[in-house]
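**Q** Just to be clear, the model below is a prediction. Sequence and coordinates:
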Amino acid sequence: MEQSKQSVRDTGDQAGGTSYHVVVREEDLSCFYPGMVRYIIEAKAGQEVLALSRTNSYEYSPSMPFSARQVAEERAASWEAELRADPDAFRRSHPAPSIPAGRDKGKGVVIIQGSPRAGGNSAILASWAAESARREGRKVEVIYPHDMDIHPCIGCYQCYNTGTCVFWDDMNGIIDAVAGCSLLVICSPVYTNTVPAGLKALLDRFMALHAEMTLGGDFPSRKGLLMAVAGREGHENFRCVREVIRAFFSLLGMTPLQPVLVDATDVIRDVTRVEGLEDRVKSLIRDNL
């Protein structure tokens with residue numbers, strides 16, 4: 001993770017013959033979001049980290065009467081007082097921070113079928129992609145956002161403190177699958193010039209994975225492929241969908257592949273009637289595994 005600025009506040013105290021310190025580190029994360037600053041508060045006994053907490057400036061809305069810096073300083077002062085009073089009680093009341101588990105670096109394929117229409121053209125494209133990947137011996141997971149419990153992102157930015165979302169729902173499994181895959185395929189129709197609501201909710205929640213990456217997660221290289229269908233004729237109808245998915249792939253550091261775009265489906269009705277399309281999709285998947 002890049003850091004353009006860092007400052008350290010270190011206050012020591014002797015208790016029971018052991019030197020305790022509360023350290024506040026300031027990290028400049030403006031390389032990710034303009035003006036974002038994250039504060040890391042650590043209570044330490046020598047090199048041992050007893051407790052760890054993070055807070056960032058994007059958590060606090062303009063109407064809040066306090067800032068991330070104030071919260072960090074007040075938490076540090078509270079921890080100092082606790083350590084001076086009773087270090088053993090501090091240890092009991094503040095569980096030691098856990099080490100984040102590493103991500104699996106599998107070669108699986110994840111396919112997000114972003115259309116709420118079962119058996120529609122997006123579903124057909126997804127089935128071709130899945131068939132091609134399975135023929136090559138790859139593990140395939142197909143995800144149907146509209147059939148899952150996915151809470152919309154609320155923009156709290158707390159994931160940038162822990163690398164995890166505050167909501168616990170079906171997104172946890174989806175993020176795990178995508179984090180370890182080698183190829184992500186997103187199939188989407190054009191709805192009001194953009195992606196369907198269920199798919200957009202899923203994409204927004206991947207902020208948590210981006211946050212995990214900023215915290216130093218170790219991730220495999222991944223490729224991303226968009227396959228989209230539009231009822232109207234002309235590739236200009238995909239402009240918003242392409243931009244949404246481009247931004248998403250960029251957020252997760254994925255290498256984007258040339259998209260598969262099928263227009264005029266209001267006239268075609270069935271993408272299986274498009275000559276050569278099935279072979280093109282299957283070859284594209286096979287060549288990028």
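**A** Here it is on my side, so go on. Because the structure is a prediction, the values reported are computed rather than measured.
**Q** Which pLDDT value goes with Phe167?
**A** We have a pLDDT of 96 for Phe167.
**Q** thought it was touching Pro152?
**A** No - between Phe167 and Pro152 there is no contact under CB atoms under 8 Å: 9.0 Å. All C-beta spots, glycine's among them, are computed from the backbone N, C-alpha and C.
**Q** Endpoints of stretch 176-188, how far apart?
**A** 21 Å (CA to CA, to the nearest Å).
**Q** Now do the contacts for the spatially most central residue of the chain.
**A** In the chain, the C-alpha nearest the mean C-alpha coordinate belongs to Leu209, at 2.3 Å (CA atoms, centre = their mean). By CB atoms under 8 Å, 6 or more residues apart in numbering, the residues touching Leu209 are Ile175, Val178, Ala179, Leu252.
**Q** about what we covered before: quick check: neighbours shared by Phe167 and Pro152?
**A** Joint contacts of Phe167 and Pro152 (CB under 8 Å, 6+ apart) are Arg205.
**Q** If you count contacts, what does the host helix or strand of Ala126 end up packed against?
**A** According to DSSP states H and E, Ala126 maps onto helix 121-135. On a contact count with 3 or more CB pairs under 8 Å, 6 or more residues apart in numbering; DSSP states H and E, helix 121-135 meets strand 109-113, strand 140-143, strand 183-189, strand 223-229, strand 260-262, helix 277-287.
**Q** now those as CSV including distance to Arg25?
**A** Below are those laid out as CSV (distance: least, CB to CB, whole Å):
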stretch, distance to Arg25
strand 109-113, 35
strand 140-143, 37
strand 183-189, 34
strand 223-229, 34
strand 260-262, 46
helix 277-287, 44
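**Q** Now the ones you listed in CSV, please, with extra columns for mean neighbour count and mean pLDDT.
**A** What follows is those, written out as CSV (neighbours: other CB atoms under 10 Å; pLDDT from 0 to 100):
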stretch, mean neighbour count, mean pLDDT
strand 109-113, 25, 98
strand 140-143, 18, 97
strand 183-189, 25, 98
strand 223-229, 24, 98
strand 260-262, 19, 98
helix 277-287, 17, 97
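**Q** Comparing Phe167 and Pro152, which shows the higher neighbour count?
**A** Phe167 (18 against 12; other CB atoms under 10 Å).
**Q** OK, contacts around that one?
**A** His151, Arg205.
**Q** before we move on, the earlier item: go through the contacts of Leu209 and say which is closest to Met36.
**A** When those are ranked by distance to Met36 (CB to CB), Leu252 comes first, at 18.1 Å.
**Q** correct me, but the closest one touches Phe206?
**A** Yes - here Leu252 lies in contact with Phe206, judged by CB under 8 Å, at a distance of 6.5 Å.
**Q** quick one: common contacting residues for those two?
**A** With CB under 8 Å, 6+ apart, Leu252 and Phe206 have common neighbours Val178.
**Q** Understood, closing this out.
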